[in-house]
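# Generate a structure from the sequence data that follows.
(chains A and B, ligands or ions: 2)
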Amino acid sequence: MAEDVAEKEDKKGKLEEPSPKLLLTSSPHALGADSIESIMWSVVLSLIPAALAGVYFFGFQALQVLIVSTGSAMVAEALYQRFSGKGSTVGDGSAAVTGLLLGLTLPPGLPWWASVIGSFFAILIVKQLYGGLGFNPFNPALMARVFLLIAFPVHMTRWPLPAPLFSGIDASTGATPLGELQMARLLGKGLGKASELNLWDAFWGNIGGSVGEVSAIALLIGAAYLLYKQYISWHIPVSMIGTVVVFSGIFWMINPAKYAHPLFHVLTGGLIIGAFFMATDMVTCPVTLKGQLLFGFGCGLITIIIRMWGGYPEGVSFAILLMNIVTPLIDKYLRPVRYGALKAEVRS
Amino acid sequence: MHTIAGEGIHPRDEKSKTTSISIAVMRPPDKVVIPLSQHIGAPCEPLVKIGESVKKYQKIGEAKGLVSSPVHSSISGKVIAVGRFPHPSGNQSNSIVIESDGKDEPIEGLKGFSDYLKADPKELRDAILSAGIVGMGGATFPTHVKLNPPKEKRITTIILNGAECEPNLSADDRTMVEMSKETVEGMKILMHIMGVKDGYIGIEDDKPAAIDAMNKAVSGTGIRVSKLKKKYPQGAEKTLIKSVIGKEVPSGGLPMDIGVVVQNVGTAAAVYNAVCFGIPLVERVVTVAGKGISRPGNFKIRVGTMLEHVITECGGFVGETGKILFGGPMMGLAQYSLNVPVVKGTSGILVMTKDEIRLENFRACIRCGRCVQACPIRLLPNMYSVLAEVGQPKEAEKYYILDCIECGCCTYVCPSRRPIVHQIRYIKADMRKAKKS
Ligand code: SF4
Ligand code: SF4
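Ligands and ions are numbered 1, 2, ... in the order given. Model (predicted):
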């Protein structure tokens, strides 16, 4: 046996020397191609059609809002990283997404300083104070929008009417279709001027409203791209918009003179941008697909309740933020049924 | 066509580089290191001493305990060492080192059954035991044990695993194409032993040649070939069963709880050789692949052959070597030395170059849910990852971490590059430690 031991020691020394410089890591040894960067910059890309449509319909005042909000969000991110001593994450695209989304939900012609305040609020307070990307419980762009709405109600509800680029029309202001609907509702006048809305105009974006909310077609093009890339799934948008359609449809069928057509609800206000780009914000929505269906349903329901009976003409922002609060609960209780779970319970 | 419902992933694939390369017999090495532990269960007791001469197929390690499997010499020659040597699992294992005499002389008196489909199942099982056959898909569970379930578990179905869902590997594919007769006969033997009528062979649809060959070979036998839509990790036992017969193994249970036994196609072929000719498991088909190897291919390699010999026989390295894996890129084990032997469970050897390897710092979970959607067991990998990071691994038990099969889907898809499987292993180890103390 002594021989064995000798051999063993001898061999051990020789055998253990790693020949080439070999890397030792845990499996899997192959990784998918997507990264935070690829996802975030794709979201930015997907918002470009809506941004272009906004600039087309509202001119340079829209361009200014978008540039200021996006730029200042990135500046805020860079400054925070600088002073907190953390590595820079401006390049990951998440600040750009927040700034651009915020800009798209602001009224064209909003003073530049308001955009800056909104972006700084979104990045510094809503995102970084909670620990940065991944830790914020609320969608930063939506929080900032609601903050601006409360802090600067006058500026936030001045809606320029479309004055397409190079059309020579001077910008004037007016109410948004949803604003008119609420007005008529509060005055007990049924649909009022809202009934005159041309749904085609709403589809293309030729109506008053926020910079990037108005053109359904531009938003849908971007959404289709995200769905195709599988950066979002259909669950939230379909259940959110579906819920709005079903509920508004029921009321419309009961009394079309008093309640607006479901398509009116889909095409005006922020439903489409909210359903495809805000509610689907991965950080603040549930991780399971079942949870996402429930989340979308909640967003749709709250939206339509606010629109029909609430004190604001538009309910999408509030609806999504309220559902953000519920996300942890949904994730806690609506877990996937793991493989083999049902049978195990039957067995024991 | 069947596949895992909704879960799993489609990893990038490089099978095409080796699928059409026929199995070549690799030149036997001058020296083999044969670990006494090439299976799950108790290691073997050595039967030979230093200086002793052995022949090919001679039993050199005796199975010890109920879950164990003997080992045999894969060459003829002289025992030059018995001791602890590196094992591809990353640990050291008691091993027997044999220097070849160059004659490759087999032991005499190997006996098989001529009328094996009429033989007593118990005798056949003994033949499988003494041939040292273990699951060759990588899990290396002793086959005779799997074929001898407790009486109260009635087995009704045998599924042969030809899914081979790991990217880069094609050993099972080639086995089915070139040894379809052996594989199907082996399957018949398995079915005879278990007395079952329902036999399936699950093959993913990216192996048309294998599907053809197996379809031909099974005609008239009643065994069905299930064409499965390609998806990783379909070849894992649990997902394979779900894909082929639509049933789920109970959480915490085994396939036999629902009357199923799964065997790898290579195992079936080995069973045939053992039963028909009495040939023990001393060589296996291995895919050698990857950008970092000069001549990739599928090879019949003797158990105990050093990685170094395999690399030399395949023309050596190309480019700057980064990682060498035993197994595929999704579940394979990285090796730190070229002095590890090919063992019964080695289905592939993958040589990756430096530029294929991305080493990035991981970042916060952005809750994208991709890992949740990818998990074939429908768990919450994001939770495990976060709990490991914040130092509350115990919480993970409530999220059924023990059901995790460590397939790596979650880690593959994570855009934050979180090392989720690594964290899961860490938590599991922690739990085991806590249980012991
Ligand atoms: S949690 Fe486990 S079973 Fe699920 S994907 Fe990750 S490694 Fe696979
Ligand atoms: S894939 Fe990564 S980032 Fe996404 S939820 Fe899972 S752990 Fe978090």
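
# Could you use CA atoms for every contact and neighbour count after this?
Fine.

# Closest approach to ligand 1 from the stretch 101-250 of chain B, which residue is it?
B:P233 (8.3 Å; CA to the nearest ligand atom).

# Near that residue, how many other residues are there?
28 (other CA atoms under 10 Å in any protein chain shown).

# B:I60 too?
23.

# Helix or strand next in line after the strand or helix carrying it, which one?
Using DSSP states H and E, B:I60 sits within strand B:59-62. Downstream of strand B:59-62, the first helix or strand assigned by DSSP H and E is strand B:71-72.

# now that next one, how far from the chain's geometric center?
In terms of CA atoms, centre = their mean, to the nearest Å, the centre of strand B:71-72 is found 18 Å from the chain centre.

# residue contacts, the residue of the stretch 101-250 of chain B closest to ligand 1?
B:G8, B:I9, B:C165, B:E166, B:T239, B:P376, B:C407, B:C409 (CA atoms under 8 Å, 6 or more residues apart in numbering or on different chains).

# May I ask which of those residues has the most neighbours?
B:C409 (30 neighbours).

# May I ask you to confirm that it is in contact with B:A374?
Yes - using CA atoms under 8 Å, B:C409 is in contact with B:A374, at 5.9 Å.

# Over to residue 22: give its phi and psi.
Answering for chain A, as no chain was given. Backbone torsions for A:L22, taken as degrees, to the nearest 10, come to phi -100, psi 140.

# Chain B, not that one
phi -70, psi 150.

# how close does it get to B:A163?
The spacing between B:S22 and B:A163, counted by CA to CA, to the nearest Å, is 19 Å.

# Could you say which helix or strand holds the residue in the stretch 101-250 of chain A that ligand 1 sits nearest to?
Closest residue of the stretch 101-250 of chain A to ligand 1, CA to the nearest ligand atom: A:Q230 (18.0 Å). Using DSSP H and E, no element contains A:Q230; it sits outside every helix and strand.

# Ok, B:Q263 next?
Counting by DSSP H and E, the element that carries B:Q263 is strand B:260-264.

# tell me what that strand is packed against?
Where contact means 3 or more CA pairs under 8 Å, 6 or more residues apart in numbering or on different chains; DSSP states H and E, strand B:260-264 is packed against strand B:157-162.

# the inter-axis angle of the strand it packs on versus strand B:260-264?
Computed by axes from the mean of the first three to the mean of the last three CA atoms, to 10 degrees, the angle separating strand B:157-162 from strand B:260-264 equals 20 degrees.

# Can you name the residues that contact B:V32?
B:S74, B:I75, B:V97, B:I98, B:E99, B:S100, B:V303, B:G304, B:T305, B:M306, B:P341.

# related to what we said a few turns ago, which of the contacts of B:P233 fall in helices?
Taking DSSP state H, the ones among the contacts of B:P233 that sit in helices are B:T239, B:C409.

# so what's the closest residue to B:V318 other than its chain neighbours up against?
Of all residues beyond its chain neighbours, the one nearest B:V318 is B:G292 (4.9 Å), with distances taken as CA to CA, 6 or more residues apart in numbering or on different chains. Going by CA under 8 Å, 6+ apart, B:G292 touches B:F317, B:V318, B:G319, B:E320, B:T321, B:V351, B:M352, B:T353.

# Switch the residues you listed over to CSV; also include distance to ligand 2.
As requested, these are arranged in CSV below (distance: CA to the nearest ligand atom, whole Å):
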residue, distance to ligand 2
B:F317, 34
B:V318, 33
B:G319, 32
B:E320, 30
B:T321, 29
B:V351, 27
B:M352, 24
B:T353, 26
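
# which one among those gets closest to ligand 1?
Closest to ligand 1, out of all of those and judged by CA to the nearest ligand atom, is B:M352, at 21.8 Å.

# thought that closest one was touching B:F326?
No - using CA under 8 Å, B:M352 is not in contact with B:F326, being 11.3 Å away.

# For the stretch 101-250 of chain B, which residue gets nearest to chain A?
B:P250 (4.1 Å; CA to the nearest CA).

# okay, and the helix or strand of the chain with the least pLDDT?
If you meant another chain, say so; for now it's chain A. None of the helices or strands of chain A scores lower by mean pLDDT, DSSP states H and E than helix A:2-15, at a mean of 41.

# Need the mean per-residue confidence for the helix or strand following it.
As assigned by DSSP H and E, the chain's next helix or strand after helix A:2-15 is helix A:36-58. Helix A:36-58 comes out with an average pLDDT of 95.

# Check stretch B:209-220 too.
Stretch B:209-220 comes out at a mean pLDDT of 94.

# Over to stretch B:127-146?
92.

# Helix, strand, or coil at residue 81?
Looking at chain A here, since you left the chain open. Reduced to three states with DSSP: H, G, I helix; E, B strand; the rest coil, the structure at A:Q81 is helix.

# nope, chain B please
strand.

# how about the nearest residue to it once chain neighbours are set aside, phi and psi?
Spatial nearest neighbour of B:A81, chain neighbours left out: B:V97 (5.0 Å); criterion: CA to CA, 6+ apart. With angles defined as degrees, to the nearest 10, B:V97 sits at phi -100, psi 130.
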